[in-house]
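In: 3D model of this:
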Amino acid sequence: MDCEDLMKLQPGLLYRTRDGRTAGPIERTTVSDPHPWTGSVEGERTAGVWTDEGQFFSSGSFHNLDLVGRIHRSRDKAIDQITLEDYRRGVAKLRALL
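Out: Below is the predicted model:
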C-alpha cells in the first residue's frame, strides 16, 4: 500500500479486501503482534489477520487479503442518503433469501 492508502482500522466494521471480498467484522486481538487485527474473510475457512494499516503481510508486500477500504452499509446511512446502488444491493439480497 502507498502511504496515502493507509487507513485506521476500527473494531466491529466490515472492510473490502484487495480482491473484492468482504472481511470482518474485524476485532483487535489481545496478542501484541505485528498482526493485531483479526476477522472472517468471505470464502475462507480460517480468520484473516492484519497489521494496523490493514496489510496481510507485515513486510508491506501486496496480498489479495490486504484491506483496502471500509464497507459502508446502507443501514448506516440516513434514508435521504441511500443511493440507487444501495437500494439495488438490498433488493438483490432479499431476492436471494426467497
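In: Which residues are in contact with G69?
Out: Going by CB atoms under 8 Å, 6 or more residues apart in numbering, G69 touches M7, Y15, R16. Bear in mind the C-beta positions are built from the backbone N, C-alpha and C, glycine included.
In: okay but the second one is in contact with L9, surely?
Out: Meaning Y15. Yes. With contact defined as CB atoms under 8 Å, Y15 counts as touching L9 (7.4 Å).
In: which residues does the residue most central in space within the chain contact?
Out: The geometric centre of the chain, computed from its C-alpha atoms, lies nearest to Y15 (CA atoms, centre = their mean), at 1.2 Å. Y15 sits next to L9, T22, A23, G24, I26, G39, G54, L67, V68, G69, R70, I71 when contact means CB under 8 Å, 6+ apart.
In: Skipping adjacent residues, who's closest to it in space?
Out: L67 (4.2 Å; CB to CB, 6 or more residues apart in numbering).
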